Each structure stands twice: as structure tokens, then as C-alpha cells.
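Novice: Sharing a model that was predicted from the sequence below.
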Amino acid sequence: MNITRTIKYEADRVKGFGDEVMKVPGCEKLKDCIQCGTCSGVCPLSVYMDYTPRQVMELTRFDFKKEVLSSKTIWLCASCYACTCECPREIRITDIMYELKQRAIHEGVYPRKFPIPVLAQEFEKMVTANGRISEMPLVMKLFMKTDPLGAMGNWQMGLDLMKTGRFSLASEKINNREQLAKMFAAAEEKA
Amino acid sequence: MNSNREELRIGFYVCHCGHNIAATVDCAEVARYVGTLPHVALSREYKYMCSDPGQELIQQDIREHKLNRVVVASCSPLLHEHTFRGATEAGGLNPFYFHMVNIREHNSWVHTDRKEATEKAKALAQAAIERVAHHKALEVKRVKIHADVLVVGGGIAGIHAAMTMANAGKKVYLVEREPTIGGHMAKFDKTFPTLDCAACILTPKMSEVGNHPNITLWTYSEVTKVDGYVGNYKVTVKHKPRYIVEDACVGCMECIDACVYKTPKFEDEFNEGLGKRKPVFIPFPQATPQVVIIDPETCLNLKTGKCKKTCVEACADRMAIDFTQQETFDEIEVGTMIVATGFKTFDAKRVPAYGYGVYPNVYTALEVERLVNASGPTGGEVITRDGRHPKSIGIIHCVGSRDKKTNVWCSRVCCMYSMKLALLLKEHTGAEIYNFYIDIRTPGKGYEEFYNKLLDEGVHFIRGRVGEVTDWAMTPEEEGKLTIRVEDTLAGYVRRIPVDMVVLATGLEPQQDAQDVRRLFNLSCGGEGWFLERHPKLAPVSTFTDGIFIAGGCQGPRDIPDTVAQAGAAAAECLALIDKGYVEQEPNTAFVLAEECSGCKSCIPLCPYTAIAFDESSKVAVINEALCKGCGTCVASCPSGSIVQNLFEDDEVFSEIKGVLAYD
Amino acid sequence: MKYSYFPGCSLKGLGRAYEESLLPVMKHLGVDLQELDDWNCCGATAYMSVDEAKACVLASRNLALAERDGNHPILAPCSACYLVLNKTKHYLHQYPKMKATVDRALNAVGMKCEKDVPVRHPLDVLINDIGLDAIKMKVTKPLQGLKVAPYYGCQIVRPYATFDDQANPTTMDRLLEALGATVIRWPLKTKCCGGSLTGTIPEAGIRMVYILLNEAKKRGADCLATVCPLCQFNLDGYHSAVRRQYGDVLLPTVYFSQLMGLAFGLPDRDLALNRAAIPFRWRPSSPPPAPAKPPAAKSVAA
Ligand SMILES: Cc1cc2nc3c(=O)[nH]c(=O)nc-3n(C[C@H](O)[C@H](O)[C@H](O)COP(=O)(O)OP(=O)(O)OC[C@H]3O[C@@H](n4cnc5c(N)ncnc54)[C@H](O)[C@@H]3O)c2cc1C
Ligand code: SF4
Ligand code: SF4
Ligand code: SF4
Ligand code: SF4
Ligand code: SF4
Ligand code: SF4
């Protein structure tokens, strides 16, 4: 039998991580969490998560950075805001999930081969470049990167889309892409 | 300045208050500095000025050093002004030659920098030295106290307070707005943690109140006006028509049987709408007073004027039914009052996720109190709205409480009443019972033991605030049931638990009309709307209005033992005032310099205590000293500067300011 | 009343039936929609997951465009667009630092975002600006006997919507009733459809779709009505995947705008009904469809 030690030592914490997250706009109230579990209770995806949303809140607050950033939970969150609306402490759990996703991508610690972060990044790249999303090309790219065989399994859907005139490989773009690029550049300059 | 300033001999004392002040303020330095100021005959520091030796010191110094003014720098005047004025008087001076400086609440407790705190203390002390030079000898006025008492609200708090005072020989008016006294407790079957039967302990008290020679019980009545001041209140009470002559009705209830409505048809408020009543009814069998009432909203005669009035026939020569009754008013004089208007329960519809009002088998706790009650609408049989005998029941804690979207406070009694109901439901139905809680709060005598008993009985406890109650089924065993979705936070899993019945432990909130009552009795409220006590620890049943006390659920959520203890305390406060016979009034009242008043009347509407009247003969404003609370509003408003306030005369205030500014 | 119409990427792509039906319906009601010139993607949930500040910059370009072009309220039919644009406005109000970043970006291209242009959903506009009475007047072929389960999904009422109750929205219910349809009451009308999880994590996403279809069907719905292109795509497009895992739960999903068009008597070809994988047919003249046979209530364990 394979037994692992599950105790957490103080050294396992990345001190300051929780405080940093709690300084981000929208995430301040995490301090007030009473671990009631309402967020998990209303979350439609909590049944698939490795940590429930409540546990993610506690782990974040207590600096267990590695655990939360590499969790599947933050990527399973569909941003439905049910938790945020029901939390008795008005904690914006959805926004905290967003913050954790950004940090996970930034640090490159999200679960490998997990399609959601890949989708998010491909989406971001496409919009940054073109200003718009071209849905079919985006989906194809995602499948190529994560599950080439899965794309085959969805042939029926592809067929449906073609039949109903919704399958298009054209690339959507805004006209003034230069303007958008300038805006992003200006945003990144230090104030 | 004034000529007798030469003879001024001020004694100054700075108190360490243990470490409370001395840790932050350098008391020796303050004493040294004040000692250098003009007219200061003596300046000392001492560990505890409020102790007996501290007070003794003041008295001795007054005698030995011929002091004629005293200043103490210590805590808040709210706490010890009285003490030091007493010591000053005992030393042979008029107590108003004393002045107090707060260097604890206003200084040492709120600052950390010792140097700066010390400087601040010196500045404040200097201000007081300047000020006290202008103090005058004043006299404390005594006002007689009327011995009658008014109690508002006939819940267990009002009942207990009224009985206590009536037994002490005082005449008590008890005003209750419902047709019967009893309040919430009258609806309960059992009470935690001892599970004694609520009716058995309450109804004897109720009928005692009804029969007590010293108690005037006015039900279906409300206070509409309060005038006057401590010791001498004038109160107007409105009696709503119940269409029954209370003295003539013997409570035989023959009219109810005879009513043209053969079966009860209307929602029964006392049973939380779970049962039905007729237009003429009695809320419950032990109602006090034992008289019926006719509801004008549902009685045919009162609504349409067309009814055979079989009730009147049945009442026959008792002639207790009187459809001509109108509102009547009584005006009474009392010296003191107790406000015990209780609470209301949270409206469960405000938490839509729990489905109250949508799913018939979702109940509030108060409804379940009636359902398990042998004298309730089902005679104590637990049967759901859709006719089921529940085999599994979920009790959801903290509904509406501890939630920033609704009420932030913990309602304090619901953990315990949820467990009480769990036990009663288990006894009645044998069902599996689940309590869903965030924290179990059992801070009372025998309460934790009660929790243990429930665990022994096999009642389930799941730590998690319920996400939702739904009738949507995922699995075969959920079909046709209500499913509770919750994270079992201790197990770390999200669970779905199907049940037949859901009970919502709704929290406690201020009464709907709490703000009106607050204004009527000139009380204060915290932000949440509960009536505010004068001091949360040291004056827990007093209010900011002298002679008016509060008790029970109107102050915040509390259980019956605490409510009764408070009601007793409020009664004792009233008795203490009555037996003393008089109250002393702080002489910080305002007066009009008649010769300077221009008669412009601007001050009159501004006084929040309606203490100012206009004397038509001399055409000047006159202030009733007994009513004036010394708020100072009129002083500041008078365009001709003709209102003066004792202890806040211009030269007193300005010299104090000068003193602070002089320090650098 | 004039609005800046912000279609968003989906209404030009997979969700084009939404646009194709909404525009004629709005025109029929006399609403003046002007498509925002050179609008860009709102960023949706994905962009927020990568870089929140840039996501706000991206979305605010649209707000600035609307401000430049007459400052008419933005009409955003897609739930994600509606939420993101509102969320961005909220952030600009609440977080000065975010506002500074956005201002810097807009400044660099000579635009600004100061006027607090309202972002509205078609349901809001229909109920509150146009009004049910005006809509009822246009109904020529009432949807008598059609049982519709209104499905709002998550993002139009949570957490920024002001025009409807977030726990129990009713605007679409009222609209459908005005069209003459029978509204099915069900507890899942604001439950999440799975979003992009249908594609990325089918184990979770497909099951969520199945739950919604199954429950609506159990309660006797003839179709689901949606307000969002992603919801429509998930509920309509994944039937084959649902069938593979759970068996058949055939139930068409249409946009509320398509139902409005039908009730207004607009020709079918103007309503893009042929764009759905699961076809929806409704003939007011023909007797109401035989009530869907109460499907054998099939349950799945979690
Ligand atoms: C479901 C439930 C179960 C409970 N079970 C228990 C238990 O088992 N054990 C226990 O210790 N505690 C229990 N409690 C708590 C208990 O109800 C309170 O401690 C108690 O009722 C407080 O008494 P009260 O007299 O202050 O207030 P109330 O009982 O609310 O009485 C107030 C009275 O004042 C009257 N009134 C209000 N406004 C006016 C007005 N303006 N003029 C005239 N009259 C007015 C009301 O009509 C009412 O009769 C329970 C509470 C609830 C909600
Ligand atoms: S609902 Fe709010 S308070 Fe409760 S566990 Fe979740 S984040 Fe914490
Ligand atoms: S926003 Fe995310 S965490 Fe919150 S309930 Fe929805 S899916 Fe769950
Ligand atoms: S009103 Fe008359 S009949 Fe009715 S209870 Fe009273 S005395 Fe009896
Ligand atoms: S007047 Fe008629 S309706 Fe009213 S209580 Fe008497 S019998 Fe009943
Ligand atoms: S007493 Fe218990 S149930 Fe009531 S609010 Fe407090 S914690 Fe919740
Ligand atoms: S000091 Fe205040 S209470 Fe006294 S008379 Fe003036 S306004 Fe009224």
C-alpha cells in the first residue's frame, strides 16, 4: 500500500500569497470567510472539483499556493457567479477564481494537458491579435493541442454545424487592429 | 478677569488607572506641569483616584490646603464624575466646583505614542484648570416620582416585570397590542433546554396577571403618545375595538359555535396560518383575558352590515357583544416605564434558495412549534401540508442570520430551538433528522449537555450552510422529495440529501414598527434597529431616557431565561426609583435671560424635549427646568444670545478652549 | 429610442440565428438598432482568466466607441458580453487603479470612457422600454398551447443585473406569457449550462446539459427558450453526445426572439429556425402538438 504523509508544515506555505491575493480588486473580502460551504453548496461544478470552492478559499487565505494554483478547481469554475451571489460574507469567489487562474497561467503551474487553460490562452492570443474570435478555428486549435482524437469523436456536431450553415473557418478581424495594439501597449506601460 | 481670581486655590489630581493611563501617559510629568500653572495650589498623581483612599485624599486636601476648586484627570465622566463630585462635596465644597478631564477613553486608550499622549494630557488638563476657575456653585434639583408604572408589551418579559412590581405593591398598567398576552412563548410546545411545557409554566403567570388587583391589563391596545419626564410621564393609550365588552364576556365561547360561519374559514394568525378560525374567535384556549374578539375584516356584520348575528343571539342576556364599539383612549400618569415589545421572526421568503412559499413542505420554525403543539392546528400530529408523515426532516440553521445580505447578527436562540424541534419531531415522527449548521452555539446553562443528548438520540448534524432546497430529482430516491444540496464541510464532500420536510430556523429581527416605538419613547437604536441599552455591560436595561427601561427581545435576540432575568432587573430599576421617591436632576439646564429675549420664538421648535414655552404675558421664552436635558441646541440658536446654560456658560467654554490653545 | 447594437463574436458565428431573429423582431417593434462600428470581442470569461487588466482595456474600447458614436445605450444580447461590459463598468467605478490603466490605454488612441453609457440586455429593453402591452399588440399568432421552459442561464442576472431578480428572474416568463405561450415553472432556470466545459471537460459539461434537458422534458416542456448563444449552442448542439451517454432526451432549444417572431407572424425564413440541430416546428393553425409523452423519468446517480 502506498501511504503518503498529508501533514502540512509551516514551510509548505508560501507566506504572503494569501495577502497578495486579498489585495487584488474584488478579492479583498476573502478575509471574512467563515468556511460555511455555501459556495460549494450552490456551485454546479463543485461535484467535479478536487478541492471545493470553500477549500480553495481557505487554502488561499493560508498561503497554500502550490495546492490552489495546480488545482483543477479553478479551471472547472465556469464563472456562473452562483457562489458570489449567495455567499453570506459577500466574498466575490468568482473573481478570486479568476485571479487564481491568472496566477496559475502566469506561473505556468496549471495541470498539463488540461484543456481549459489552453483554451483561455488561445482565446487571449486570438483576441489580442485580431480583436475578435473566430469560433471554429479556435475550437480546432484547442483540439489539436489537447486531444486530437477527441475532435474525431465530435464529427456529428461538425456535420450538424455544416448543415445549418454555422461552420465557418473564416478569420474574423476588426479593422482598426493597430488601435487595439496601441491600447494594450499603453496599458502595459508603468503609470 | 474676575476679582476673586486672586483667592483661587485649585487642586489637581492625575490618575494612573493602574496601567490603563500610566502605560501611555507620563503622569508624573502631567502633575509637574500642572503644578506650574497659576492658581494651582497643589498637583498630585495617584494610582487609583476612584478608590476610597483616592477620594479621601481629595477631601483631606480641600480641608488642609483650603482648596476651592478640584480637577481630576482620569477616565470618562460617565463613569466617575459622580464619584468625584461626591468627594468634593464631602470635603465641604459645592460639588460643581469640580471638573473632570478624560485622559483614558480620549487619550491613553486611543494613542500609542507616549510622548504625544502625555502632551495631549497636559493640554487637556490646562484647559480644565482654566475652565474650573469660572465654575459656579449650583444646586441639584429634586423631582418627585409618580409611583405607578407602565409596561409595554405582554410577552414573557412584560409579564414578568409587571408581576414583580405588582407583587411589590405598585400599580402597574400592562399594555399589549394583540388580543392576548403571552407573546412568542405562548406559541411554543416545549422550551429548551429542560423541555418543560411552555403552557404549563406560562399560562399560570398569564392568568395571575389577568387577576392581579394591582395590574390594569389592557390588551388590543397601544400607546400613542408619551409626554413628560422621569417621574412624571403622561401617556395616552388607544384601545382598539374588539366588539366585545370585556367585563361582560365570560369566555363561554357559545358565540363562536353560533356564528353563521359553521366551519372555521379564515387564516388563524396564532397558528401561523396553519389552522382556520371564525370571525369571532379566541386566539388559544388559555388566552388572557379570557374573552373573545370579533375581527372586522372577516365578520359579515362588520363588513356588510348584513348578518343574522347568531352570535348575539347566543350571547343572549350576557350582552357582551357590541358592534358599536369605537376606538377609545385613556390618559394615564406614571413615573417609570418598561418597554418590552419583543421581536419578530425573519421572513423566510427573503432567502429564495430555500423555497419557502414555493414548496409546501418547507416550514418556518414557528410553524413547526404550532405543528408539534398538542393544542395546535393538528392536535400535535406532524403531518405536512401535502398530507405526509415525514420520514426524513432537514432543519436549516441561520436562515436570515449571519448573512450580510440579510441580517448580520447571530440570532442566538435558533441553534437551541432547532435542537429542541429536532427532538420533538423525532419523538412525534421517528424520522431521520438532519441539522445543517455553520456553528453550533450552546452558551447557556445545560445547553451543551442538551446538544450531547441529541447526538445520543441519533439526530444528525452536518456542518455546512445549505446551498439550496429543490424539488428537482437526480436519483430515484430523490423523486417526489425535497432535496437539500449542501457541502458537508467536515467530510469535504458536496452532498444531496432528500427529505420529506424542511424546517427553516429563521432568525430574530426588530419588530416592524420598532422605529415608531423608538421615537414614541425617545429611545435609541443601533444600526440594526434593536433598542439600545445605556451601557452594554453596566446599564443593560437602562436607556438614554431616564425612567424608561427596556427588557427582552426588543433589545436583541435572547432566550427566555435571559429575558426573564432582564425583566426582573428592569422591574428592580423601576422599584429603586419609586422607593427613593425622587430623582436628582443634573443642573446643566438652560435658562432664558428674560430681559434680553426678543421673543422671536426661534428656539421653541428646536428643543428636542419640548422644554421651551412662550410666556404670552411677558412675551419671552421660558424653559421648563424639569424637561430640559441640557442639550444646548437652544443656546446655540438664540439670535440675541439670551439663553445661557449652566455648566456651559460662555466664559466656561471659551476659557476651556483658550486653555487647550494656550498649551504648546 | 436608439441603441448601439453590440452583437459580439458569437452572434456572427455559432449564434447567428440569435441575430438573424432578433434584428427583424426589433425592427418590427420599431426599435432603432445601429451596429457599433468596428466593435471588438468583449473578452468573455476566457480573457479574464489570463489577464484581468487587459480584459478591462479590451472591453472598455467598446464602451468608448459607443460613447463616441452618440452615447446611446448599448444593447448586448449575448450573456457573456452583457456581463463583461457591465463588470468592466463596475470595475471602472470601484477601482481607481483599473480606471487609470484603462484611461491610459484609451488616451493613447484619443478615446475616452467617461459618460457611463448603459449596457442593456434585450429582455430589459423589451420589458421596460417597449413594454408588454406594445408587444402584445403585435402578436398575431399567439403561441397557444406551446409549453416553454424559460432558461435564463447564469450571466444575465448574476451578479450585475438590475432589471430582474437574481434568484428568480421572471422577465422572460412574462414575455412568453404575453406571446400566448404556457410557461413551465422549473427550478433550474438560472443554473449554469456548463459554458465551455461541454467542449473542454465533457464529463462535466455534457452532464449539465443533460440535467437541464431532462428536467425540462420531465416537466412537460415542448422547447427551451434561451437568451444566450452559448446556452443555445450547448443545449442544442450536444444532443448526440447526451444521447451517447444518457439516452435520448430530444428537446429543441430556441431563442426567445425566434418565438417572438413566430408570434408576430414573421415568416419562418426570417427567423433562422433552420439553424438548429434539433429542429423546432410550430404551426399555430395546427392543433397544439400532442403533449410530449411523459418520458420515462430516467435518473442518473451523481
Ligand atoms: C421558534 C422559536 C422558538 C423558541 N424557543 C425557545 C425556547 O424553547 N426556550 C427559550 O428560552 N427561548 C425560546 N425562544 C426565544 C423566546 O421566544 C424569546 O426569548 C422570548 O419570546 C422573548 O420574550 P419577549 O417578551 O421579550 O418578546 P415577545 O415574546 O416577542 O413578546 C413581545 C410582546 O410585545 C407585544 N408588542 C409588540 N409591540 C408592541 C407595541 N408597540 N405595543 C404593545 N405591545 C407590543 C407583542 O404583541 C408581544 O406580545 C424561541 C424563539 C423562537 C422564534
Ligand atoms: S460561501 Fe463565502 S463565507 Fe461561505 S465558505 Fe464560501 S467564501 Fe467562505
Ligand atoms: S462561479 Fe465558479 S465556483 Fe462559483 S458557483 Fe459558479 S462555477 Fe462554482
Ligand atoms: S361574547 Fe358572549 S357568548 Fe361570546 S364568549 Fe363572551 S359571553 Fe360567551
Ligand atoms: S355577526 Fe355574524 S359573522 Fe360576525 S361573528 Fe356574529 S354571527 Fe359571525
Ligand atoms: S444561534 Fe445558531 S442557528 Fe441561530 S444564527 Fe446563531 S449560529 Fe445560526
Ligand atoms: S438645552 Fe436642549 S433640552 Fe434644554 S431647553 Fe434648550 S434645547 Fe431644550
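Specialist: Perfect, thanks for sending it. Ligands and ions are numbered 1, 2, ... in the order given.

Novice: mind checking pLDDT for the closest residue in space to B:P193 that isn't next to it in sequence?
Specialist: Taking Cβ to Cβ, 6 or more residues apart in numbering or on different chains, and ignoring the residues beside it in sequence, B:P193 has B:F450 as its nearest neighbour in space, at 3.9 Å. Glycine gets a C-beta too; all of them are placed from N, C-alpha and C. The model reports B:F450 with a pLDDT of 98.

Novice: Quickly find the element holding B:F450.
Specialist: helix B:447-456 (DSSP states H and E).

Novice: Please identify the buried residues of that helix?
Specialist: B:447, B:450-451, B:454 (16 or more other Cβ atoms under 10 Å in any protein chain shown).

Novice: ok so, going back, just list the residues touching the residue nearest to B:P193, thanks.
Specialist: B:192-193, B:416, B:419-420, B:442 (Cβ atoms under 8 Å, 6 or more residues apart in numbering or on different chains).

Novice: ok, now with 10 Å
Specialist: B:192-195, B:416, B:419-420, B:423, B:442, B:444 (Cβ atoms under 10 Å, 6 or more residues apart in numbering or on different chains).

Novice: a markdown table for the buried residues of helix B:447-456, including distance to ligand 5?
Specialist: Shown next, in a markdown table, are those (distance: Cβ to the nearest ligand atom, whole Å):
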| residue | distance to ligand 5 |
| --- | --- |
| B:Y447 | 46 |
| B:F450 | 44 |
| B:Y451 | 48 |
| B:L454 | 45 |
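
Novice: ok, so of these, who is nearest chain C?
Specialist: B:L454 (29.0 Å; Cβ to the nearest Cβ).

Novice: Touching, the closest one and B:L424? I think so.
Specialist: No - the pair B:L454 / B:L424 is not scored as a contact, 11.2 Å apart, by Cβ atoms under 10 Å.

Novice: The residue of the stretch 351-500 of chain B found nearest ligand 5 and ligand 1, how far apart?
Specialist: Here the stretch 351-500 of chain B gets closest to ligand 5 at one residue, B:P377, 20.5 Å apart by Cβ to the nearest ligand atom. Here the criterion is Cβ to the nearest ligand atom, to the nearest Å. By it, B:P377 lies 16 Å from ligand 1.

Novice: Checking that residue next. Helix, strand or coil?
Specialist: In three-state terms, and counting by DSSP: H, G, I helix; E, B strand; the rest coil, B:P377 is coil.

Novice: what does B:T263 give?
Specialist: Relying on three-state DSSP, one would call B:T263 coil.

Novice: The helix holding B:F450 and ligand 1 in contact?
Specialist: No - shown here: helix B:447-456 not in contact with ligand 1 (Cβ under 6 Å from any ligand atom), separated by at least 10.0 Å.

Novice: And the pLDDT at residue 164?
Specialist: I went with chain A, as the question did not name one. In this model, A:T164 is scored at 85, pLDDT.

Novice: could you do chain C instead?
Specialist: So, for C:D164, pLDDT stands at 93.

Novice: Roughly how far does the closest residue to it other than its chain neighbours sit from C:L29?
Specialist: Nearest non-adjacent residue to C:D164, counting by Cβ to Cβ, 6+ apart: C:T171, 4.9 Å away. Distance from C:T171 to C:L29, counting by Cβ to Cβ, to the nearest Å: 16 Å.

Novice: wait, isn't B:P377 in contact with B:E369?
Specialist: No - the criterion here is Cβ under 10 Å, and B:P377 misses it with B:E369 at 11.3 Å.

Novice: Please identify which of these two sits among more neighbours.
Specialist: Higher neighbour count among B:P377 and B:E369: B:E369, with 24 against 21, using other Cβ atoms under 10 Å in any protein chain shown.

Novice: low pLDDT regions in the chain?
Specialist: Picking chain A for this. Within chain A, the segments meeting pLDDT under 70 span A:148-153, A:190-191.

Novice: actually chain B
Specialist: In chain B, residues with pLDDT under 70: B:1-6.

Novice: what about the longest helix in it?
Specialist: helix B:560-580 (DSSP state H).

Novice: Next secondary structure after that one?
Specialist: strand B:582-585.

Novice: Now do that next one: which elements does it pack against?
Specialist: strand B:141-144 (3 or more Cβ pairs under 10 Å, 6 or more residues apart in numbering or on different chains; DSSP states H and E).

Novice: hmm, back to that, pretty sure the residue nearest to C:D164 is touching C:T162, no?
Specialist: No - at 11.6 Å, C:T171 does not count as touching C:T162 under the criterion of Cβ under 10 Å.

Novice: At which residues are the strands of the stretch 101-250 of chain B located?
Specialist: B:141-144, B:149-152, B:172-175, B:190-191, B:196-197, B:215-218, B:221-229, B:232-239 (DSSP state E, counting those that start in this stretch).

Novice: Give me the common contacts of B:L454 and B:L424.
Specialist: By Cβ under 10 Å, 6+ apart, no residue touches both B:L454 and B:L424.

Novice: Have a look at C:T171 and C:L29 and say which one is more surrounded.
Specialist: Remark: of C:T171 and C:L29, C:T171 carries more neighbours, 25 against 17, as counted by other Cβ under 10 Å.

Novice: Return the residues in contact with that one.
Specialist: C:121-124, C:126-128, C:132, C:150, C:152, C:156-157, C:161, C:163-165, C:227, C:256.

Novice: Residue of chain A nearest ligand 4, please.
Specialist: Closest point on chain A to ligand 4, by Cβ to the nearest ligand atom, is A:P88, at 48.6 Å.

Novice: Is the helix or strand harbouring A:M136 positioned near chain C?
Specialist: A:M136 belongs to helix A:135-146 when assigned by DSSP H and E. Yes - Helix A:135-146 reaches chain C (Cβ under 10 Å from any Cβ of the partner chain) through A:135-136, A:138-139, A:142-143, A:146.

Novice: Buried ones in that helix, by neighbour count?
Specialist: In helix A:135-146, counting by 16+ other Cβ under 10 Å, buried: A:135-139, A:141-143, A:146.

Novice: Would you mind pulling up the elements that it packs against?
Specialist: Short answer (3+ Cβ pairs under 10 Å, 6+ apart): helix A:135-146 packs on helix A:115-130, helix A:148-153, helix A:155-163, helix C:8-12, helix C:197-200.

Novice: run the last query once more with 8 Å
Specialist: Counting contacts by 3 or more Cβ pairs under 8 Å, 6 or more residues apart in numbering or on different chains; DSSP states H and E, helix A:135-146 is packed against helix A:115-130, helix A:148-153, helix C:197-200.

Novice: how far off helix A:155-163 does that helix point, in degrees?
Specialist: Relative orientation of helix A:135-146 versus helix A:155-163 (axes from the mean of the first three to the mean of the last three Cα atoms, to 10 degrees): 160 degrees.

Novice: Show me the contact partners of helix A:135-146.
Specialist: A:113-115, A:118-119, A:122-123, A:126, A:150-151, A:161, A:167-169, A:171, C:9-10, C:13-14, C:199-200.

Novice: just the buried members of those?
Specialist: Buried among the contacts of helix A:135-146 (16+ other Cβ under 10 Å): A:114-115, A:118-119, A:122-123, A:126, A:161, A:167-168, C:9-10, C:13-14, C:199-200.

Novice: Which residues of chain B lie near ligand 6?
Specialist: So far as Cβ under 6 Å from any ligand atom goes, chain B lies against ligand 6 at B:397-398, B:401-402, B:410-412, B:414-415, B:438-439, B:441, B:505, B:507.

Novice: List the beta-bridge partners for the residue in the stretch 451-600 of chain B that ligand 7 sits nearest to.
Specialist: Closest contact between the stretch 451-600 of chain B and ligand 7, by Cβ to the nearest ligand atom, is at B:A590 (3.9 Å). Counting by DSSP bridges, B:A590 is bridged to B:Q645.

Novice: ok, now which ones touch it?
Specialist: B:623, B:628, B:630, B:632, B:634-635, B:643-646.
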